[in-house]
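Participant: Okay, here's the prediction I keep looking at, along with the sequence it came from:
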Amino acid sequence: MTARARLTVLYTGMVLAAGIVLTALTYLLLRRAVGRRLAVVIFNVDGTPGPLPPLPNDNHQVSQKLQQATLDAFLNQAAIALTVVIVLAAVLGWLVAGRVLRPIRSISATAQRLSLENLSERVPVTTPADELTTLAGTVNGMLDRIQQGIAERDLVLHSQRMFTANAAHELRTPLTTMRTAIDVTLDGRPDSDELLTMTRDIKAAVEHSQRTLDGLLELARSQAGSGPRHLVDLADVVTTVLETAPVRDLTVRSDLLPAPITGVPVLIERMVGNLVDNAIAYNQPGGRVEIATGREDGLAVLRIGNSGAVVTPDQAQLLLEPFVRGDGARLHTDAGAGLGLSIVQAIVTAHDGEITVTARPAGGLDITIRFPPAEHRTAARLP
C-alpha cells in the first residue's frame, strides 16, 4: 500500500470513528430527551382537560412506541449521512494526501534524475515555509556540498594530470642533456677539462629541472586553490609586493584604490608577485610599469601594463599557456620555467575570476583581472 493510500485510509478511519462517536452521543441524548418530554394529554370537547379513558394500550406503551419510532428514524438518517460523509472524507483524504506528498514525490524524482554527470538540478522549494520546505532546503544544501566536493576533486585530479604530463614533457630535455653529456665524456678517456664541462652541463640541467618541478608544483597548488579564504584587499597586496620588487631603472606608476575580494591570501600575493615580476622581466631599459586597482560594476579589478617587445594578439593569448614566452617559443633557458602567467591564470580561475591579456601596439602587454565582490558574510579579514 502506498503512502498516499495509507494516509487516505487513516484520514477516513478517523472521520468514521468520529462520526460513530458523534452519532452514539446524539442517540443517547435524543433518547433521554424524548423519554422525558413525551406524554399523552386528553381534552374534553369544550377544550378542558379530562380524565384519561380506557385505551387498548396504556400511556406508557404509546410513549415507548413513539420514542422507538423517533430513535429508529434518527438512526436511519444518521447512517445515510455518515455514509455520505465517509465517502466524501475518502475522496477528500485522497486529494489532500496527494497534495501533501507532492513535494516528497518531487524530491524523489529529482534524486532519481541526479547522477555524477548531472548534479545541477535542485528540488523546488514550496511556499509557505513548512517542514517539507525545510526538507527541500536540506536536500538542496546537501547537493550543493556534493557538487562542490566533486568539482574540487575533479580540479585536483586535473591539476595532477597536468603536472604529470608537463613534468614528463619538460624533464625530457634536461635528462637528454645530462645523458648526452655523460655519453660524450665517457666516450674515450676524458681529461679534467672534459669532466668539468660535463659537470657544469649536468648541473645546469639539474637546476633547470628543479626550476621546472618547482613551477609545476606551484601551478598544481594554484589550480587546486586550496586554503582558508579571507577578505583580502588587492591594493594592500600590490603595495606589499612593490616594496620588495627589483624595479631597477624602470618607472613604476600606481593608482591603488580599495578592491576587496575573498581569497587565499598566499595565492593572491603569489599572483600579484608573478604579474609584477613578469612586467619587470619582459620590459625594456628605462621602460614603464603601470598598475592600478579598484572596483568596476561591483567587481574588484586589477590592471597591470608594461612596455616591452612588440607582441601579436595571438602571441598574447599563448602567454597564458605553460612554458610559452613572448615569441611563442618553448622556454628552455636559465631565465625561468615559463610558468609565471600560467600560475596567475590558475589562481584567477580558482577564485572564479577572469583574466584578459592584450598586446600593446607600441610593445608590451596590458593584463586585466576581474574578481567577484568580496563575500563579507563568509570571509574573515586578516589581522
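Facilitator: Now that the structure is in, tell me what you want to look at. Numbers count the residues shown, from 1 in each chain.

Participant: for stretch 245-261, which positions count as buried?
Facilitator: For stretch 245-261, burial by neighbour count (16 or more other CB atoms under 10 Å) applies to 245, 250, 256, 259-261. (Glycine included, C-beta is placed from N, CA and C.)

Participant: who's in contact with Arg370?
Facilitator: Residues near Arg370 by CB atoms under 8 Å, 6 or more residues apart in numbering: 296, 299-301, 353-354.

Participant: and with 10 Å instead?
Facilitator: 259, 261, 295-297, 299-303, 348, 352-356 (CB atoms under 10 Å, 6 or more residues apart in numbering).

Participant: can you map out the strands along this protein?
Facilitator: For the chain, strands defined by DSSP state E occupy the ranges 230-233, 251-256, 260-263, 288-296, 299-306, 354-359, 365-371, 380-381.

Participant: ok, and which of those strands has the densest surroundings?
Facilitator: Mean neighbour count (mean count of other CB atoms under 10 Å) peaks for strand 260-263 among the strands of the chain, with a mean of 24.

Participant: who are the neighbours of it, in terms of helices and strands?
Facilitator: The contact analysis (3 or more CB pairs under 10 Å, 6 or more residues apart in numbering; DSSP states H and E) places strand 260-263 against strand 230-233, helix 234-244, helix 265-281, strand 299-306, helix 340-350, strand 365-371.

Participant: By mean pLDDT, show me the worst of the strands of the chain.
Facilitator: The minimum mean pLDDT among the strands of the chain belongs to strand 380-381 (a mean of 40).

Participant: wait, Gly263 sits on Thr349?
Facilitator: No: using CB atoms under 10 Å, Gly263 is not in contact with Thr349; the gap is 11.9 Å.

Participant: Tell me how far stretch 112-126 lies from the chain's centre.
Facilitator: The chain centre lies 12 Å from the centre of stretch 112-126; the measure is CA atoms, centre = their mean, to the nearest Å.

Participant: Please apply the same query to stretch 279-297.
Facilitator: What separates the centre of stretch 279-297 from the centre of its chain is 35 Å, taken as CA atoms, centre = their mean.

Participant: go on, stretch 139-148?
Facilitator: The chain centre lies 6 Å from the centre of stretch 139-148; the measure is CA atoms, centre = their mean.

Participant: got the contact list for that stretch?
Facilitator: For stretch 139-148, the external contacting residues (CB under 10 Å, 6+ apart) are 107, 110-111, 114, 116, 118-125.

Participant: go again using 7 Å as the cut-off
Facilitator: For stretch 139-148, the external contacting residues (CB atoms under 7 Å, 6 or more residues apart in numbering) are 107, 119, 122-123.

Participant: Now intersect those residues with the helices, please.
Facilitator: Applying DSSP state H to the contacts of stretch 139-148, the entries found in helices are Ile107.

Participant: so which of the contacts of stretch 139-148 comes closest to Asp191?
Facilitator: Nearest to Asp191 among the contacts of stretch 139-148: Leu119, at 67.0 Å, using CB to CB.

Participant: ok, that closest one - contacts?
Facilitator: 143, 146-147, 150.

Participant: make it 10 Å
Facilitator: Contacts for Leu119 (CB under 10 Å, 6+ apart) come out as 143-144, 146-151.

Participant: and if you look at Ala316?
Facilitator: For Ala316, the contacting residues are 326, 328, 356-360, 365-367, by CB under 10 Å, 6+ apart.

Participant: What number of residues are in the vicinity of Lys65?
Facilitator: Residues contacting Lys65 under the criterion other CB atoms under 10 Å number 11.

Participant: got it, and Asp201?
Facilitator: Neighbours of Asp201 under the rule other CB under 10 Å: 18.
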